[in-house]
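Student: Dropping the sequence and predicted coords here.
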Amino acid sequence: MTGLCGRPRRWGAALVAVLCGSCGILSEAPKRQLYRADPTVNFAAPLPKTAAQLLVTVPNAPAGLDTARIALSRSAVSLDYFADAEWTDRAPLLVQSAIIESFEKSEAVPAVGRDNAGLRADFILQTDIRDFSAAYDSPTEPPLVSVVVHMELITIPEHRIVAQRSIARRQRAVANSVPEVVRAFDSALGGVVEEVVRWAVTNTALSGRRGSLSWPRFVHAG
């Protein structure tokens, strides 16, 4: 009886060992090249300064875009990702950082920060990412990168939407390679966040806080 009972135990132990040995193979994630978002923002002329302080939310995004994977589409109804590449962070966090850094570069507001930093401000800039992908829309050309953001300017403490707008920028990659697609993302995202800042600081909702203001340097509140 002892021998009969011991055999299943040995078989069970062997089976566990095989399964555990396979766990490392099955759970090993593929290694992907990381790419930073480095949007180009150029304000050709100084923007009007405002005394309003802003908080920037993490943009809302569909589940397919709320990821560090670099999204691509081959048709109007499909979404996929580049196999061997990803962003250094989730796309919404990249966009939030790009917007904040663009406000800093503009020097048009005295302070800007992330909405989760527990700071007091006059307005919240809330955004939704409608598109952040590279579309293979032509059989002969590199992909066309599309960045579409909808934004709402919200007063504090009333939490009232005083203005809203959608901004879209598209940039075709110069070659069908991930580095060139990333450069196209940088160009499109740079155009979007530059227009976000320009729209916000020239909006009539902020006009009551605008005046002959000056400060020696920009203060980052984030």
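Tutor: Nice, thanks for sending it over. Numbering: from 1, shown residues only.
Student: R169 belongs to a strand?
Tutor: Yes - the assignment for R169 is a strand, going by DSSP: H, G, I helix; E, B strand; the rest coil.
Student: hang on, it packs against F132?
Tutor: No - using Cβ atoms under 8 Å, R169 is not in contact with F132; the gap is 11.0 Å. Yep, even glycine has a C-beta here, placed from its N, CA and C like the rest.
Student: Can you pull the residues that touch both of the two?
Tutor: Common neighbours of R169 and F132, counting by Cβ atoms under 8 Å, 6 or more residues apart in numbering, are S146, V147.
Student: Which one of these two is surrounded by more residues?
Tutor: F132 (29 against 18; other Cβ atoms under 10 Å).
Student: Name the SS class of that one, please.
Tutor: Classified using three-state DSSP, F132 is strand.
Student: residue contacts, it?
Tutor: A61, L65, A71, A91, V95, S146, V147, V148, F185.
Student: what comes up buried for whichever strand or helix holds I100?
Tutor: Following DSSP states H and E, one finds I100 within helix 91-106. Residues of helix 91-106 classed as buried by neighbour count (16 or more other Cβ atoms under 10 Å): 91-104, 106.
Student: hey, which helix or strand in the chain has the poorest pLDDT?
Tutor: When the helices and strands of the chain are scored by mean pLDDT, DSSP states H and E, helix 2-27 comes last with a mean of 47.
Student: State the next helix or strand along the chain beyond that one.
Tutor: That would be, after helix 2-27 and using DSSP H and E, strand 33-35.
Student: contact partners of that following strand?
Tutor: For strand 33-35, using Cβ under 8 Å, 6+ apart, the contacting residues are I70, D84, A85, E86, W87, T88, V178, P179, V182.
Student: ok, now stretch 73-87?
Tutor: So stretch 73-87 is contacted by 30-37, 64, 67-72, 94, 133-136, 178, 181-182 (Cβ under 8 Å, 6+ apart).
Student: Kindly recompute the last result at 10 Å.
Tutor: 30-37, 62-65, 67-72, 93-94, 131-137, 143-144, 146, 178-179, 181-182, 185 (Cβ atoms under 10 Å, 6 or more residues apart in numbering).
Student: Quick one: end-to-end length of that stretch, please.
Tutor: 17 Å (Cα to Cα, to the nearest Å).
Student: Strands of the chain, residue ranges please.
Tutor: 33-35, 54-56, 69-73, 80-87, 112-114, 123-135, 144-155, 161-172 (DSSP state E).
Student: Comparing these, which stretch has the densest surroundings?
Tutor: Comparing those by mean neighbour count (mean count of other Cβ atoms under 10 Å), strand 54-56 comes out on top with a mean of 27.
Student: Paired strands for it, with orientation please.
Tutor: Applying DSSP bridges to the sheet, strand 54-56 is found paired with strand 112-114 (parallel), strand 123-135 (parallel).
Student: Output these in TSV; the columns should cover distance to G190 and mean pLDDT.
Tutor: Formatted as TSV, these follow (distance: least, Cβ to Cβ, whole Å; pLDDT from 0 to 100):
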stretch	distance to G190	mean pLDDT
strand 112-114	17	91
strand 123-135	13	97
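Student: nearest to A45, of the ones you listed?
Tutor: strand 112-114 (20.0 Å; Cβ to Cβ).
Student: Give me the residues contacting that closest one.
Tutor: Here strand 112-114 has contacts from 52-58, 93, 96-97, 99-104, 106, 119-121, 123, 125, 197, 200, 218-222, using Cβ under 10 Å, 6+ apart.
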